[in-house]
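> sequence and predicted structure are below.
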Amino acid sequence: MSIVKSIQSKIIERIGQAANSARENGDLQFEKMPEFVLEVPREKTHGDFATNIAMLMAREAKMPPRKIAEIILRHLSNEGTWIDRTEIAGPGFINFFLDYRWLYQVPPQVVELNENYGKSQVGQGKKVQVEFVSANPTGVLHMGNARGAAIGDSLASVLGAAGFSVTREFYINDAGNQIEKFAKSLEARYLQLLGEAVPFPEDGYHGQDLIDTMKVLVEKVGDKYKSVEEELRRELLVKYALEEKISVIKKTLENFGVNYDIWFSEQSLHDGGEIEKTINELRDKGFIYESEGALWFKSTRFGDEKDEVVVRSNGLPTYFAADIAYHKNKFQRGFDQVINIWGADHHGHVARMKGAVQALGYEPDRLTVVLMQLVRLFKGGEILRMSKRTGTYVTLNELVEEVGKDAARYFFIMRSPDSHLDFDLDLAKSQSADNPVFYVQYAHARISSILRQAEEMGYSIPQVSNVDLSLLTEQSELELIRKIADLPEEIANAALNLAPHRMTAYAHDLAGLFHVFYTNCRVLIEDEKLRNARLMLAQAAGICIRNVLRLVGVSAPDQM
RNA sequence: GCGCCUGUAGCUCAGGUGGAUAGAGCAACGGACUUCUAAUCCGUGUGCCAGGGGUUCGAGUCCCUUCAGGCGCGCCA
């Protein structure tokens, strides 16, 4: 347990004991202990912690809150709690002021745990799967996929650091209608490249990338497939192109710092008969009916607006049917919690997907869909319209090339998933102070520089046992330590609330406090004892920044 | 028409499962480098938290409603 957490829970325990002993004494009346909180007040002048217990008890105890607070304080034991003093404030808050020396426990712990500092066990090893991007393999990755990649990957990292057992998964839509379209488009491009005047399918994939893919194939096999019978030809083209496309997607994501544990093929669900099996199971349970020659799932039974087709009248299962089978497969693999990162344009599917999960007999809350709003791209103050159909969009590769992986990931993570994101290409690209990612990285570079120079000057990095941290009494030093102490809770909260953007907010705060410390307190000074204390603090701050940036997939440079 | 998301400072956004006087960055103005990187720091101010009701000790946060914007409502994925 983190230092903050253990101090906090100790005080909570003492408050409860005080209330109980007041009741036994006859000073206070209540049936059940209210669910009070002990939180960090917004205002520093309100102490390190504050509790609302007196206000919650007022009605039942038939006493004004401040009076209750007084009684509780009279019964409160401070022993072994770091409580320095208490006060009753406002409508009846009890404020706790700690002996600031508790902070001196923090830096040694950070240095000792190093890259493990900030981790916790709130996840209790529960198995969580995060499925994200899962882009159509017929195209290249665009801005929406980029946001999904950043959010999904960082969320997975944060969950991992909070003690969940995480699996990153990409669902490959390598079956169904769009593969048909893909095949026709490929065929047309192939034949066109061989000089034939074949028309391009109206609803085909117009992107330049298909032409490029086929060019490479023509170089390899020439016109060998020209004479092959149509169905087989398309099959061969798809197989080749799909492999190539997926490997490009894989490489693109790796380049973006995203590595998956599992690449799951939709086709494998068709091949293994899992879709049919799942539909039969739903039929047996009475959730499937036939109408107009198609099979429908009764999603309205689960609060959806309308029922949904699972098998079309032509006998082919829909994407939804495959997705149901896929989710059954997920739960069968033993995941306690399944998280999908979807674009907001898919929000209409959430209700029916959860309905299907419930119909299969799983608790629907075990599926969480994180919806992220769409990305609008700005350049030169104007919106860039993106269209996949016409092949005009900025790709993930181009983005990384233009603004770099660090800035791109930081920008995507900075905002909560449900905010509409305006991505300003010019700002992300600017190597200037306006760019928030540099602010954080710069703090890390400064720390590295100090440690580097300490070594050059023959000042060895002190051993934990030889440092007297009580020499750190400047406000900027204490505030920096306080922030460092928060990391484990910050990560845990980001994980439990599925809110990776809290990590960049924390990183920014931490970096800011370091910059203030840096300005006010010189580290490499003559006074060996103070120097060692500050070296350790700087070291701890560096570890924190590094650990947070790692979670969001941004590098922590040693110099800039 | 129905559903989901959003509406907080001039701009971009934070605001744990309701807490005390609503915050940051950018932009604007004025200061700080003989000293560990000035990509930094310090100072100066701005809000009917979209509007209106309600719940309670207490609401930016919860409920209802109106308005505005985005997205979705295919035997597509």
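That came in fine, so what should we check first? Residues are numbered from 1 along each chain as shown, chains lettered A, B, ... in the order given.
> residue numbers of the stretch 1-150 of chain A in contact with RNA strand B?
A:37, A:39-43, A:45-47, A:50, A:52, A:55-56, A:58-59, A:65, A:89-91, A:93, A:95, A:136 (Cβ under 7 Å from any atom of the strand). Placement of C-beta: from N, CA and C, glycine included.
> these in helices, which ones?
A:Met55, A:Leu56, A:Ala58, A:Arg59, A:Pro65 (DSSP state H).
> picking up where we left off before, quick one: buried ones out of the residues of the stretch 1-150 of chain A next to RNA strand B?
Buried members of those, counted by 16 or more other Cβ atoms under 10 Å: A:41, A:46-47, A:50, A:52, A:55-56, A:58, A:65, A:89, A:93, A:95, A:136.
> so how far is RNA strand B from A:Gly315?
According to Cβ to the nearest atom of the strand, to the nearest Å, A:Gly315 stands 9 Å off from RNA strand B.
> how about the secondary structure of that residue?
coil (DSSP: H, G, I helix; E, B strand; the rest coil).
> and it, how many neighbours does it have?
9 (other Cβ atoms under 10 Å).
> cool, and A:Lys127?
15.
> ok, now A:Gln475?
10.
> test for you: state the pLDDT assigned to it.
A:Gln475 is assigned a predicted lDDT (pLDDT) of 92.
> how about it, what does it touch?
By Cβ atoms under 8 Å, 6 or more residues apart in numbering, A:Gln475 lies in contact with nothing.
> quick one: it and A:Glu254, what's the gap?
Taking Cβ to Cβ, to the nearest Å as the measure, A:Gln475 falls 44 Å from A:Glu254.
> now A:Ala89: closest residue in space that isn't a chain neighbour?
Excluding the flanking residues, the one nearest A:Ala89 by Cβ to Cβ, 6 or more residues apart in numbering is A:Asn95, at 5.3 Å.
> bridged to that neighbour, which residues?
A:Ala50, A:Glu87 (DSSP bridges).
> my read is that it contacts A:Pro41, right?
Yes - A:Asn95 is in contact with A:Pro41 according to Cβ atoms under 8 Å; the separation is 7.1 Å.
> follow-up on the earlier one: nearest to A:Val228, of the ones in helices among the residues of the stretch 1-150 of chain A next to RNA strand B?
Closest to A:Val228 out of these is A:Leu56 (77.0 Å), distances taken as Cβ to Cβ.
> quick one, what contacts the closest residue to A:Ser77 other than its chain neighbours?
What sits nearest to A:Ser77 in space, not counting adjacent residues and going by Cβ to Cβ, 6+ apart, is A:Arg14, at 5.9 Å. Neighbouring residues of A:Arg14 by Cβ under 8 Å, 6+ apart: A:Leu76, A:Ser77, A:Asn78, A:Thr81.
> can you get me a residue count around the first one?
Under the neighbour criterion other Cβ under 10 Å, A:Leu76 is assigned a count of 21.
> A:Lys547 touches A:Glu115, doesn't it?
Slight slip there: residue A:547 is Asn, not Lys. Yes - using Cβ under 8 Å, A:Asn547 is in contact with A:Glu115, at 6.4 Å.
> between those two, which has more neighbouring residues?
A:Asn547 (23 against 10).
> quick one: secondary structure of the more buried one?
helix.
> residue contacts, it?
Per Cβ under 8 Å, 6+ apart, neighbours of A:Asn547: A:Glu115, A:Tyr117, A:Gly118, A:Ala161, A:Leu487.
> same check, this time on A:Asn532
Here A:Asn532 is in contact with A:Pro462, A:Asn466, A:Val467, A:Asp468 (Cβ under 8 Å, 6+ apart).
> buried among the residues you listed? Need that as a selection in ChimeraX.
Remark: buried members of these, expressed as a ChimeraX selection using 16+ other Cβ under 10 Å:
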select /A:462,467
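> A:Gly152 contacts A:Gln129, correct?
No - look at A:Gly152 against A:Gln129 with Cβ under 8 Å: they stay out of range, at 10.8 Å.
> between those two, which one's more packed in?
A count of neighbours by other Cβ under 10 Å puts A:Gly152 above the other of A:Gly152 and A:Gln129, at 28 against 22.
> which element is that one on?
helix A:143-161 (DSSP states H and E).
> try A:Val516
Per DSSP H and E: helix A:501-520 holds A:Val516.
> list the contacts of A:Ala69.
Here A:Ala69 is in contact with A:Ile53, A:Ala54, A:Ile88, A:Gly92, A:Phe93, A:Ile94 (Cβ under 8 Å, 6+ apart).
> CSV please, covering those residues and showing distance to A:Ile339.
Formatted as CSV, the contacts of A:Ala69 follow (distance: Cβ to Cβ, whole Å):
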residue, distance to A:Ile339
A:Ile53, 35
A:Ala54, 39
A:Ile88, 44
A:Gly92, 40
A:Phe93, 37
A:Ile94, 38
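> with respect to RNA strand B, which of those residues is nearest?
Nearest to RNA strand B among the contacts of A:Ala69 is A:Phe93, at 3.4 Å by Cβ to the nearest atom of the strand.
> need the contact list for that closest one.
A:Pro41, A:His46, A:Ala50, A:Thr51, A:Asn52, A:Ala54, A:Met55, A:Ala69.
> want to throw the residues you listed into a markdown table with pLDDT and distance to A:Ala538?
Shown next, in a markdown table, are these (pLDDT from 0 to 100; distance: Cβ to Cβ, whole Å):
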| residue | pLDDT | distance to A:Ala538 |
| --- | --- | --- |
| A:Pro41 | 89 | 29 |
| A:His46 | 89 | 30 |
| A:Ala50 | 94 | 31 |
| A:Thr51 | 94 | 35 |
| A:Asn52 | 92 | 38 |
| A:Ala54 | 93 | 42 |
| A:Met55 | 91 | 42 |
| A:Ala69 | 94 | 41 |
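> got any ranges where chain A has weak pLDDT?
Chain A contains residues with pLDDT under 70 at A:380-393, A:430-434.
> residue nearest the centroid of it?
Residue closest to the mean C-alpha point of chain A, counted by Cα atoms, centre = their mean, is A:Leu155 at 2.0 Å.
> how about that one: what's its closest non-neighbour residue?
Using Cβ to Cβ, 6+ apart, the closest residue to A:Leu155 is A:Pro500 (5.0 Å).
> give me the distance between the one you found and RNA strand B.
10 Å.
> ditto for A:Ile71
17 Å.
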